[in-house]
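J.: no sequence on hand, only this structure:
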């Protein structure tokens with residue numbers, strides 16, 4: 001899947017679901033701190049998406065899409081604990097790209113793979129809108145947070161470190 005097709009799939013999905021969003025075109029950037037400056041949003045509103053490899057104990061082995069505020073770091077232990085797993089780490093870049101169809105830094109807070117579940121830190125949800133890279137390094141979206149919750153259907157759990 002190409003970056004353009006992921007972007008197009010997101011736009012099609014959001015239109016079908018009557019979600020409130022806007023597309024933001026910008027210079028290519030995938031780092032949360034820098035893209036927030038370019039877009040002009042508060043880093044706490046940036047939905048940072050990371051593909052994780054969760055394994056061991058009750059969960060077996062699975063991949064998870066973790067979403068947290070762009071200003072925060074992931075608590076790997078909290079994710080492992082949530083899934084009853086022994087270990088949690090980043091999925092290798094090749095696997096992450098294969099699952100999402102996106103280059104590193106452009107992964108949106110959506111999945112088109114039923115095997116990839118979404119978990120979100122509730123601190124991101126404190127804002128009326130969220131911002132995220134939309135499957136491309138040169139396209140972002142601003143989206144109504146409640147619409148994102150309705151469309152993406154994430155599980156909420158404290159996964160960001162303080």
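T.: Happy to help now that I have it. None of the values given here were measured: they were computed from a predicted structure.

J.: what's the first helix or strand after the longest helix seen in the chain?
T.: Counting residues, the longest helix found in the chain (DSSP state H) is helix 3-16. Sequence-wise, the next helix or strand downstream of helix 3-16 (DSSP states H and E) is strand 21-25.

J.: for that following strand, which outside residues touch it?
T.: 11, 14, 39, 131, 134, 138-144, 147 (Cβ atoms under 8 Å, 6 or more residues apart in numbering). Where C-beta positions appear, they are placed from N, C-alpha and C, glycine not excepted.

J.: chain center to stretch 51-66, what's the gap?
T.: 16 Å (Cα atoms, centre = their mean, to the nearest Å).

J.: no wait, stretch 23-32
T.: Centroid separation for stretch 23-32 versus its chain: 15 Å, with Cα atoms, centre = their mean.

J.: next: stretch 61-70.
T.: Counting by Cα atoms, centre = their mean, stretch 61-70 comes out at 7 Å from the chain centroid.

J.: what of stretch 91-101?
T.: That offset, for stretch 91-101, works out to 13 Å (Cα atoms, centre = their mean).

J.: same check, this time on stretch 9-25
T.: With Cα atoms, centre = their mean, you get 15 Å for stretch 9-25.

J.: what mean pLDDT does that stretch get?
T.: Across stretch 9-25, the average pLDDT comes to 97.

J.: about what we covered before: can you lay out the contacts of strand 21-25 as a markdown table showing secondary structure, neighbour count and distance to residue 159?
T.: Output for the contacts of strand 21-25, formatted as a markdown table (DSSP: H, G, I helix; E, B strand; the rest coil; neighbours: other Cβ atoms under 10 Å; distance: Cβ to Cβ, whole Å):
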| residue | secondary structure | neighbour count | distance to residue 159 |
| --- | --- | --- | --- |
| 11 | helix | 16 | 27 |
| 14 | helix | 21 | 24 |
| 39 | helix | 19 | 23 |
| 131 | strand | 24 | 19 |
| 134 | strand | 28 | 22 |
| 138 | coil | 16 | 28 |
| 139 | strand | 21 | 26 |
| 140 | strand | 26 | 22 |
| 141 | strand | 25 | 22 |
| 142 | strand | 17 | 23 |
| 143 | strand | 24 | 20 |
| 144 | strand | 17 | 22 |
| 147 | helix | 17 | 22 |
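
J.: nearest to residue 76 among the residues you listed?
T.: Residue 76 lies nearest to residue 131 out of those, by Cβ to Cβ, at 24.2 Å.

J.: the nearest residue to the closest one once chain neighbours are set aside: what secondary structure?
T.: Leaving aside its sequence neighbours, residue 131 sits nearest to residue 41 (Cβ to Cβ, 6 or more residues apart in numbering; 4.5 Å). Classification of residue 41 using DSSP: H, G, I helix; E, B strand; the rest coil returns coil.

J.: all set, thanks.
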